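[1] Build me a model from this:
(one chain, ligands or ions: 1)
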Amino acid sequence: MQLNDKSLLESRAFIAGEWRTCDKTFDVTNPATGEVIAKVADCSVENVKQAIDAAYDAQKDWAKKTGKERSIILRKWNDLIVAAADDLATILCAEMGKPLPEAKGEVLYGASFIEWFAEEAKRVYGDTIPGHQQDKRIVVLKQPIGVVGSITPWNFPNAMIARKVAPALAVGCAFVARPAELTPLSALAMAVLAERAGIPKGIFNVLPNSDASAAGQELCANPKVAKITFTGSTRVGQILMRQCANGIKKMSLELGGNAPFIVFDDADLDAAIEGAMIAKYRNNGQTCVCANRIYVQDAVYDVFAEKLAQAVKTLKPGNGMDEGVNCGPLINEAAVTKVETHLKDATDKGAKVLTGGSRLSGTLFEPTVLIDVPSSALVSTEETFGPIAPLIRFKTEDEVIAMANDSEFGLAGYFYSEGLKRVWRVAEALETGMVGVNTGLISTEVAPFGGVKQSGLGREGSKYGIDDFLEIKYICMGGI
Ligand code: ADP
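    As a prediction, this is how the structure comes out:
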């Protein structure tokens, strides 16, 4: 791996402000080549406990600092990340596979949360409420919740952690991160820079670990952890929620999606193609807000399908490190199997492949467009997490809203229409936490990201994202 600053490639755990080796290690491989790029310290449950203890002890002083003091340190962390963005992107591309420019985009997107919450650190306002009796005064304080345990997935190895750690640290919490076992290197590189930025020992811990279940159990059961923040599947979200029940722990859950992408016949079709390309093929279809089911109204179905296939044929799949590649490999063999299963199920049920449709080499899969997909196909009911665009035909607005909402998920939804009344009607009717109207890209640090139904609890980003790391305390003063 070509890095300007080789010290960013760290394979030890970061616990209590110290770099530690563990008895065991596990391999991190490059999905584009299958090559082992690092042997990473494999943290035990004992290590998780040590990190929680350190976080618990350090948090008190961190919370006592002024918002401005924390803000200055977070700002420095942001600046160091931005300055090292090329190296961080190289590490991210190597462990996760997304093309280098997209990897750099993720690093800068992650940093934008640290910058945003560095600013917000100074604005954690409370309230005064007129008293209910003449001699009473009421004040509302917002206080940091305490130690936060975090479990994150491999599809955004940097940004999923940045989105959580930034608001947590901004308000005075301490953070114990357990990154995905497939992609711990980006998290460790962030810790290298956190240390350089002056984040105090114990406030940010990174625990690479191959046994997610054991680490998760400890984070959920340990009484010193006040809150769990998780991004990943609904299945694991449910497990964590059960595990947190005993301690009544607060939770933020950003879970699976099955985003509908609707193209009405009054849409600007070229804009809809551009949006569909971003919403479907970004990160090779491996994001929870990726368009999973594409509904196209009857009158524009054929022309939309043709235009989309043309656009998809211009994509260049390959090793994300290579110039011009804009579609990387899928993360692993299991991901290819899922894509192949969904594809076969759709074609068995009558769908036709307009372009793509097969594996190229390794875990590299051709960007694919399917037409005549029935709404009973797996591609329209389950998250595919791969580069397949299934086009489903619909006739009326009511019909498509019913199909879009017929899902246990409710993360993102997208639609294209030039009609003002329809825009309001459909935006209000979609049962999702986020709606993209005439755009395929909705993620930004300034807006609240999150889902409804089984897509999760809580929001990340924006002023709303900070509330998830705060407790409200009301003080009633009498005898005045
Ligand atoms: P994905 O399909 O995105 O990998 P998962 O929910 O399986 O979604 O994984 C998200 C994160 O949760 C990963 O870091 C994974 O290691 C972790 N994980 C998986 N199973 C468990 C579990 N039982 N307890 C805690 N964390 C888990």
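[2] Please identify the helix or strand for E10.
    Under the criterion of DSSP states H and E, E10 resides outside all helices and strands.
[3] Might one say that it is in contact with L193?
    No - applying C-beta atoms under 8 Å as the test, E10 and L193 come out as separate, 10.4 Å apart. For the C-beta atoms, the positions are set from N, CA and C on the backbone; glycine is no exception.
[4] Number of residues surrounding E333?
    The local packing of E333 (other C-beta atoms under 10 Å) involves 11 other residues.
[5] what sits against it?
    By C-beta atoms under 8 Å, 6 or more residues apart in numbering, the contact list for E333 reads T363.
[6] And it, what's its pLDDT?
    For E333, the pLDDT comes out at 95.
[7] Got the phi and psi for it?
    E333 adopts backbone torsions of phi -60, psi -40, taken as degrees, to the nearest 10.
[8] And it, how far from V303?
    Separation of E333 from V303 (C-beta to C-beta, to the nearest Å): 37 Å.
[9] element containing V139, please.
    strand 137-144.
[10] so what does the helix or strand harbouring L88 touch, helix or strand wise?
    Assigned by DSSP H and E, L88 falls within helix 85-96. With contacts taken as 3 or more C-beta pairs under 8 Å, 6 or more residues apart in numbering; DSSP states H and E, helix 85-96 sits against strand 36-41, helix 100-120, helix 185-197.
[11] As TSV, the ones you listed with distance to N47, mean neighbour count and mean pLDDT would be great.
    Below are the helices and strands packed on helix 85-96 laid out as TSV (distance: least, C-beta to C-beta, whole Å; neighbours: other C-beta atoms under 10 Å; pLDDT from 0 to 100):
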stretch	distance to N47	mean neighbour count	mean pLDDT
strand 36-41	8	19	98
helix 100-120	25	22	98
helix 185-197	14	24	98
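[12] closest to G433 out of the ones you listed?
    Evaluated over these, closeness to G433 peaks at helix 100-120, with 17.5 Å, by C-beta to C-beta.
[13] State the distance from T396 to P184.
    Distance from T396 to P184, by C-beta to C-beta: 49 Å.
[14] Neighbour count for those two, which is higher?
    P184 (30 against 10).
[15] Could you export the helices and strands packed on helix 85-96 as CSV, including distance to L207?
    Conversion of these to CSV gives the following (distance: least, C-beta to C-beta, whole Å):
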stretch, distance to L207
strand 36-41, 9
helix 100-120, 19
helix 185-197, 9
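[16] Of all these, which one is nearest the ligand?
    helix 185-197 (10.4 Å; C-beta to the nearest ligand atom).
[17] Who are the packing partners of the closest one?
    Checking 3+ C-beta pairs under 8 Å, 6+ apart, helix 185-197 ends up next to strand 13-15, strand 36-41, helix 67-83, helix 85-96, helix 159-171, strand 204-206.
[18] between the ones you listed, which gets nearest to K344?
    helix 85-96 (26.5 Å).
[19] Grab the nearest non-local neighbour of A214.
    Setting aside the residues directly before and after it, A214 is nearest to V45 in space (C-beta to C-beta, 6 or more residues apart in numbering), at 5.3 Å.
[20] who touches the one you found in this structure?
    V45 touches 214-215, 217-218, counting by C-beta under 8 Å, 6+ apart.
[21] ok, for K122, nearest residue in space, not its chain neighbours?
    Nearest to K122 is G67, by C-beta to C-beta, 6+ apart, at 4.2 Å.
[22] One more: S380?
    Nearest one to S380, counting by C-beta to C-beta, 6+ apart, is R293 at 4.4 Å.
[23] how far out from the middle of the chain is the least confident helix or strand in the chain by mean pLDDT?
    Lowest on mean pLDDT, DSSP states H and E among the helices and strands of the chain sits helix 378-381, with a mean of 92. The gap between where helix 378-381 is centred and where its chain is centred comes out at 22 Å by C-alpha atoms, centre = their mean, to the nearest Å.
[24] and K227, what helix or strand is that in?
    Counting by DSSP H and E, K227 is part of strand 225-231.
[25] Those residues of this protein touching the ligand, which are they?
    Proximity of the chain to the ligand, by C-beta under 6 Å from any ligand atom, involves residues 151-153, 180-181, 212-213, 216, 232-233, 236, 239.
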